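>>> build the 3D model from these lines:
(2 chains)
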There are 2 protein chains.
Amino acid sequence: MGYDRMCPRYERAALLLGKKWSGLILRVLMGGARRFHEFREQVPELSERLLSERLREFEEEGLVRREVQACRPVLILYELTEKGRELEAVVQSIQAWANKWIEVETVEQPAGR
Amino acid sequence: MGYDRMCPRYERAALLLGKKWSGLILRVLMGGARRFHEFREQVPELSERLLSERLREFEEEGLVRREVQACRPVLILYELTEKGRELEAVVQSIQAWANKWIEVETVEQPAGR
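Numbering: from 1, shown residues only, chains lettered A, B, ... in the order given. Below you'll find the predicted structure:
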């Protein structure tokens, strides 16, 4: 793979995946079909507006399929298509890099009594 | 790897890598040390302001090292640290996915005379 010239396919992919929260939303979807509120359980800082926007973009790009189940109340599920599912290698490579290189503050639990 | 809970390391990494242009700047850097104007040769749509901002963030996060060579005119090079270099797996997984799934319009070259 040569790096001396930008590849237009890479460029489009990187701009799509590189929108804020995309990487987090994809990771949630790797776990299976999800309802809207389930994303926010895993990513509480994500606003409803931005979540809707990203899910709609993913749907338009063919990464995500929206499934409406005809029960009451209506159940709407978002799940990855094959194209979306194959981003698992990207999610896993970010995870592997983060495990090695990213430090997070561990919050001490107060000693129980 | 479990997807039922967000991993704080992944979250930090995804928010860092998921800023606009980050994926493109990283791909340019995979080719070796670069001068400021060389990024814009590969990514002409990227403004100077955003390029400076991303490079400064990458430096602060320890992904990029800024090297000033004492010649005239002064030569400033940006290059990946080990931490940054190890993002090559991420860049390559995006490239592999893009090669398979992203279509781009090919621009016909006018027949030469």
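>>> mind listing residues that contact stretch A:68-87?
A:17, A:26, A:29-30, A:32-36, A:55, A:58, A:61-67, B:97, B:100-101 (CB atoms under 8 Å, 6 or more residues apart in numbering or on different chains). The C-beta positions use only the backbone N, C-alpha and C, and glycine is treated the same way.
>>> which residues touch the residue nearest to A:Met30 when sequence neighbours are not counted?
The shortest distance from A:Met30 to any non-neighbouring residue, by CB to CB, 6 or more residues apart in numbering or on different chains, is to B:Tyr3 (4.7 Å). The neighbourhood of B:Tyr3, defined by CB under 8 Å, 6+ apart, consists of A:27-28, A:30-32.
>>> report the buried members of the contacts of stretch A:68-87.
In terms of neighbour count (16 or more other CB atoms under 10 Å in any protein chain shown), the buried residues within the contacts of stretch A:68-87 are A:17, A:26, A:29-30, A:34, A:55, A:58, A:61, A:63-64, B:97, B:101.
>>> secondary structure element for the closest residue to A:Glu11 other than its chain neighbours, which one?
Of all residues not flanking A:Glu11 in the chain, B:Leu24 sits nearest, at 6.2 Å (CB to CB, 6+ apart). Counting by DSSP states H and E, the element that carries B:Leu24 is helix B:22-30.
>>> contact partners of that helix?
A:3, A:6-7, A:10-11, A:13-15, A:17-18, B:16-17, B:34, B:38-39, B:42-43, B:46, B:51, B:54-55, B:58, B:63-64, B:78-80, B:84-85, B:87-88, B:90-91, B:94-95.
>>> pLDDT of it, averaged?
Mean per-residue pLDDT for helix B:22-30: 97.
>>> mind checking what helix or strand follows that helix in sequence?
Immediately after helix B:22-30, counting by DSSP H and E, sits helix B:36-42.
>>> if we can go back for a sec, what about the residue nearest to A:Met30, distance to A:Leu24?
To A:Leu24, B:Tyr3 is 11 Å away according to CB to CB, to the nearest Å.
>>> quick check: chain neighbours aside, which residue is closest to A:Val90?
With CB to CB, 6+ apart, the residue lying closest to A:Val90 is B:Ser93, at 4.6 Å.
>>> hmm, that neighbour is touching A:Ser93, no?
Yes - here B:Ser93 reaches A:Ser93: they are 4.7 Å apart, a contact under CB atoms under 8 Å.
>>> pLDDT weak spots in chain A?
Along chain A, segments meeting pLDDT under 70 span A:1, A:107-113.
>>> where do the helices of it begin and end?
A:8-17, A:22-30, A:36-42, A:48-60, A:82-85, A:88-101 (DSSP state H).
>>> please name every helix or strand in contact with the last one.
Under the contact criterion of 3 or more CB pairs under 8 Å, 6 or more residues apart in numbering or on different chains; DSSP states H and E, helix A:88-101 touches helix A:22-30, helix B:8-17, helix B:88-101.
>>> repeat for the third one
Using 3+ CB pairs under 8 Å, 6+ apart as the contact criterion, the elements in contact with helix A:36-42 are helix A:22-30, helix A:48-60.
>>> so the first one versus helix A:8-17, what angle?
Angle of helix A:22-30 versus helix A:8-17, following axes from the mean of the first three to the mean of the last three CA atoms, to 10 degrees, is 80 degrees.
>>> same deal with the last one?
Interaxial angle of helix A:48-60 relative to helix A:8-17 (the same axes, to 10 degrees): 150 degrees.
>>> quick one: buried residues of helix A:48-60?
A:51, A:54-55, A:58.
>>> which among these gets closest to chain B?
A:Arg54 (10.8 Å; CB to the nearest CB).
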